[in-house]
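Engineer: Starting from these lines, generate the structure:
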Amino acid sequence: MTATSDRTSTPLPGRLGDPAAAYATDPRADRGLREALARYGLDTQAAPPPFGPDAPLEDKLAFVRGAHDAFEGLYAAVAQEETHRDDVVRTVHTAPGRDGNDVPVYVFRPAGTEGQVLPGLVYLHGGGMTILDCDNRLHTRWCEDLAATGLVVAAVDFRNAVTAADHAPFPAGLHDCADALTWLDAHRDGLGMASIVLQGESGGANLCLASALLAEREGRLGSIAGVYAMVPYISGAYGWDDDAKRAELPSLVENEGWFLNTLMMDVLVSTYDPTGEHARDPLAWPYFATVEDLTGMPPHVVSVNELDPLRDEGIAYYRKLQEAGVRATGRVVLGLTHGADSIFKTAVGDVYDSTVADIARFTRSVTG
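Structural biologist: Below you'll find the model as predicted:
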């Protein structure tokens with residue numbers, strides 16, 4: 001006798017099945033992360049913005065600046081839970097930008113390795129290309145922990161689209177990343193970097209993928225040994241209607257409000273690309289890269305988190321890399337929200353450590 005199951009008895013996950021669901025009530029949620037988010041009041045539905053992307057630009061810029069301050073406060077509080085390490089040294093450098101600006105670059109290496117050549121990693125921080133400081137304690141801790149595995153890590157302080165005093169939309173930040181990569185490639189010997197592997201989370205993953213695409217167009221792709229993109233924020237599809245999301249990127253509905261709110265992300269999109277003219281430009285939104293665009297790319301890792309609204313756009317990019325014949329590895333971290341395996345070190349320490357170790361493994365594997 002063959003047993004059959006009633007498919008209708010299995011509820012759809014997350015908000016696909018229950019619009020009132022939240023991370024706090026999701027049975028798939030990681031227990032440690034759920035407890036940590038509850039301490040910060042972040043285990044329930046993330047609040048939407050007070051207006052949409054059609055609001056006046058100045059109102060949106062003010063909102064984004066407030067979001068920056070709020071996330072910086074969260075990151076500072078999270079980082080206070082962790083101890084500083086003294087086995088990594090940092091130096092500060094400056095790369096010339098094509099717009100006449102300076103691009104700060106912070107280089108981390110294990111203490112006592114001066115003069116040695118080590119695998120090199122270039123870190124691009126998250127924040128939707130619009131918010132968060134490169135030189136904050138949480139991003140510094142991430143770079144220190146990566147460097148402590150035996151890497152030289154260079155963090156690029158690219159221009160956010162929104163700052164306290166300015167608005168520098170796409171492609172300003174991407175150009176800063178490209179110019180920093182050119183400078184780093186020219187100074188590898190002095191910095192002791194054997195390779196350039198790009199790594200970033202969220203908006204930083206967007207910039208990693210877009211930097212590789214831009215490098216191919218500018219004839220610089222040979223300088224990039226690999227790309228490790230975590231929880232990539234790459235579709236710009238956050239304002240699509242629910243039917244379109246369900247059809248193409250259902251995690252945008254399934255995990256809506258799990259640490260991130262797609263309506264807020266849609267406001268960020270409208271400040272990154274105010275006119276919307278780059279909505280399907282793969283340099284702004286790599287999700288729209290074609291198989292032809294990706295053919296010949298260096299090895300990639302695409303890591304996504306199960307309970308992240310952005311999960312499915314990362315999976316789609318991985319599959320497109322595979323279709324293009326790129327050496328690509330996909331990684332799914334169960335139970336976690338967006339960016340949790342790089343942000344909440346204390347709460348998900350084992351996952352954090354395994355992520356750091358995997359980035360180090362990948363960097364070594366592609367270093368010639």
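Engineer: from here on, contacts and neighbour counts on C-alpha atoms
Structural biologist: OK.
Engineer: need the helices for the stretch 1-150 of the chain, in chain order.
Structural biologist: Along the stretch 1-150 of the chain, counting by DSSP state H, counting those that start in this stretch, helices occupy 14-17, 31-39, 57-79, 137-147.
Engineer: In the first one, which of the residues would be classed as buried?
Structural biologist: Taking 16 or more other CA atoms under 10 Å as the basis for neighbour counts, the residues of helix 14-17 that come out buried are 14, 15, 16.
Engineer: quick one: the first one from residue 21, how far?
Structural biologist: Here the criterion is CA to CA, to the nearest Å. By it, residue 14 lies 6 Å from residue 21.
Engineer: among the helices of the stretch 1-150 of the chain, which is nearest residue 244?
Structural biologist: Evaluated with CA to CA, those place helix 14-17 nearest to residue 244, the distance being 13.2 Å.
Engineer: outside of stretch 256-273, which residues touch it?
Structural biologist: When contacts are defined by CA atoms under 8 Å, 6 or more residues apart in numbering, stretch 256-273 is touched by residues 15, 22-23, 42-49, 52-53, 57, 60-61, 64, 128-130, 161-162, 168-170, 236-239, 252, 276, 279, 307-309, 337-338.
Engineer: Drop anything exposed from the residues you listed.
Structural biologist: Neighbour counting with 16+ other CA under 10 Å marks 15, 22-23, 42-46, 49, 53, 60-61, 64, 128-130, 161-162, 168-170, 236-239, 252, 279, 307-309, 337-338 as buried within the contacts of stretch 256-273.
Engineer: Tell me where this structure is predicted with low confidence.
Structural biologist: 1-9 (pLDDT under 70).
Engineer: can you map out the strands along it?
Structural biologist: For the chain, the strands defined by DSSP state E cover 88-96, 102-110, 120-124, 152-156, 197-201, 226-230, 300-305, 328-333.
Engineer: gap between the residue lying closest to residue 82 once chain neighbours are set aside and residue 147?
Structural biologist: Nearest non-adjacent residue to residue 82, counting by CA to CA, 6 or more residues apart in numbering: residue 346, 7.2 Å away. Residue 346 is 19 Å from residue 147, where distance means CA to CA.
Engineer: And residue 160, by the same measure?
Structural biologist: Using CA to CA, residue 160 is found at 24 Å from residue 147.
Engineer: More neighbours: those two, which one.
Structural biologist: Neighbour count, other CA atoms under 10 Å: between residue 160 and residue 147, residue 147 has more, with 28 against 24.
Engineer: mind listing what the nearest residue to residue 110 once chain neighbours are set aside touches?
Structural biologist: Closest residue to residue 110 apart from its sequence neighbours, by CA to CA, 6+ apart: residue 88 at 4.4 Å. Residues in contact with residue 88 (CA under 8 Å, 6+ apart) are 108, 109, 110, 111, 144, 147, 148.
Engineer: Also residue 291?
Structural biologist: Residue 291 is in contact with 320, 321, 323, 324, counting by CA under 8 Å, 6+ apart.
Engineer: Sort out which of those are buried, if you could.
Structural biologist: Buried residues within the contacts of residue 291, counting neighbours by 16+ other CA under 10 Å: 320, 321, 324.
Engineer: need the contact list for the first one.
Structural biologist: Meaning residue 320. Counting by CA under 8 Å, 6+ apart, residue 320 has contacts 290, 291, 294.
Engineer: tally of neighbours for residue 91?
Structural biologist: By other CA under 10 Å, 11 other residues sit near residue 91.
Engineer: beta partners for it?
Structural biologist: Here residue 91 sits in beta bridges with residue 107, going by DSSP bridges.
Engineer: Quick check: it vs residue 321, distance?
Structural biologist: Using CA to CA, residue 91 is found at 35 Å from residue 321.
Engineer: swap in residue 337?
Structural biologist: 24 Å.
Engineer: Not counting residues beside it along the chain, what's closest to residue 193?
Structural biologist: residue 120 (4.7 Å).
Engineer: Residue 310 and residue 232 touch, don't they?
Structural biologist: Yes - using CA atoms under 8 Å, residue 310 makes contact with residue 232 at a distance of 7.0 Å.
Engineer: Next, show the common contact partners of the two.
Structural biologist: What both residue 310 and residue 232 touch, as defined by CA under 8 Å, 6+ apart, is the set residue 304.
Engineer: So those two - more neighbours on which side?
Structural biologist: Legend: neighbour count by other CA under 10 Å for residue 310 and residue 232, higher for residue 232 (34 against 30).
Engineer: show me the contacts for that one.
Structural biologist: Neighbour list for residue 232: 201, 202, 203, 204, 205, 206, 302, 304, 310, 311, 313, 314 [criterion: CA under 8 Å, 6+ apart].
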